[in-house]
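> no FASTA, just this:
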């Protein structure tokens with residue numbers, strides 16, 4: 001390295017202490033960007049191959065992006081001259097604050113985790129009609145699932161009057177604490193009454209025609 005510096009102009013030798021760390025930082029950021037692009041393509045290809053829902057792919061990309069950022073920032077700071085001891089002290093301090101914030105925001109984090117479980121386990125899907133019950137005997141919130149985000153499951157209220165649709169936002173954690181009644185693919189025009197009508201039609205179709213009560217024979221007199 002010193003032989004290389006001897007062949008450089010004097011003004012450039014004064015800037016080497018800035019040029020070399022700057023080039024290293026650019027290489028670190030460029031490598032992180034390329035790795036992020038590569039993993040995003042791999043996740044997208046895996047999603048197409050295995051038929052994974054988009055609700056699962058988006059959190060996966062987000063988790064990897066934050067892991068990559070957490071690994072890149074210390075490397076960049078080290079190139080800027082920040083010692084490992086300072087980095088470790090800062091990390092432990094942030095970890096302590098993060099642990100306190102974790103317990104303080106447990107309700108929000110539980111909704112995030114339950115959203116991931118809804119996507120993976122699939123107790124219902126978009127377009128299904130569900131009813132969230134306190135108990136199996138009492139009616140609860142009922143409607144068609146129109147959105148599932150990281151905090152809430154949104155239902156279009158089935159009991160709302162025509163022309164004024166109401167939306168019910170149910171916390172995701174509540175889904176796993178209550179009884180959920182599901183109609184896969186939605187209900188008919190009359191809801192449960194349509195199912196009852198179908199059962200009556202099925203009974204009529206399965207009843208044999210020979211079951212008609214026979215009439216007594218007619219007697220003729222001469």
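Good, I have the coordinates. The structure displayed is predicted, hence computed values, not measured ones.

> Could you pull out the strands in the chain for me?
For the chain, the strands defined by DSSP state E cover 129-133, 141-148, 152-157, 167-171, 179-183.

> any idea of the mean pLDDT for the last one?
Spelled out, that is strand 179-183. Strand 179-183 carries an average pLDDT of 84.

> now the first one
Averaged over strand 129-133, pLDDT sits at 88.

> ditto for the longest one
pLDDT averaged over strand 141-148 equals 88, rounded to a whole number.

> Buried ones in it, by neighbour count?
Neighbour-count burial for strand 141-148, counted by 16 or more other Cβ atoms under 10 Å, picks out 141, 142, 143, 144, 145, 148. To be clear about C-beta, it is placed using only N, CA and C from the backbone, and glycine gets the same treatment.

> what's the closest of those residues to residue 33?
residue 148 (31.1 Å; Cβ to Cβ).

> That closest one contacts residue 118, doesn't it?
Yes: assessed by Cβ atoms under 8 Å, residue 148 is found in contact with residue 118 at 6.1 Å.

> residues bridging contact with those two, i.e. touching both?
residue 172 (Cβ atoms under 8 Å, 6 or more residues apart in numbering).

> Out of the strands of the chain, which gets nearest to residue 29?
Judging those by Cβ to Cβ, what sits closest to residue 29 is strand 141-148, at 35.0 Å.

> between that closest one and strand 167-171, how many degrees?
80 degrees (axes from the mean of the first three to the mean of the last three Cα atoms, to 10 degrees).

> what's the span of stretch 146-155, first residue to last?
6 Å (Cα to Cα, to the nearest Å).

> Check what contacts that stretch and list those residues.
In contact with stretch 146-155 (Cβ under 8 Å, 6+ apart) are residues 55, 59, 108, 111-112, 115, 118-119, 126, 130, 141-145, 156, 167-172, 175.

> Apply 7 Å and report the result again.
55, 111-112, 115, 118, 126, 141, 143-145, 156, 167-172, 175 (Cβ atoms under 7 Å, 6 or more residues apart in numbering).

> Okay, now the unreliable bits of this structure?
Where the chain drops to pLDDT under 70, the residues are 1-16, 84, 136-137, 163-164, 185-222.
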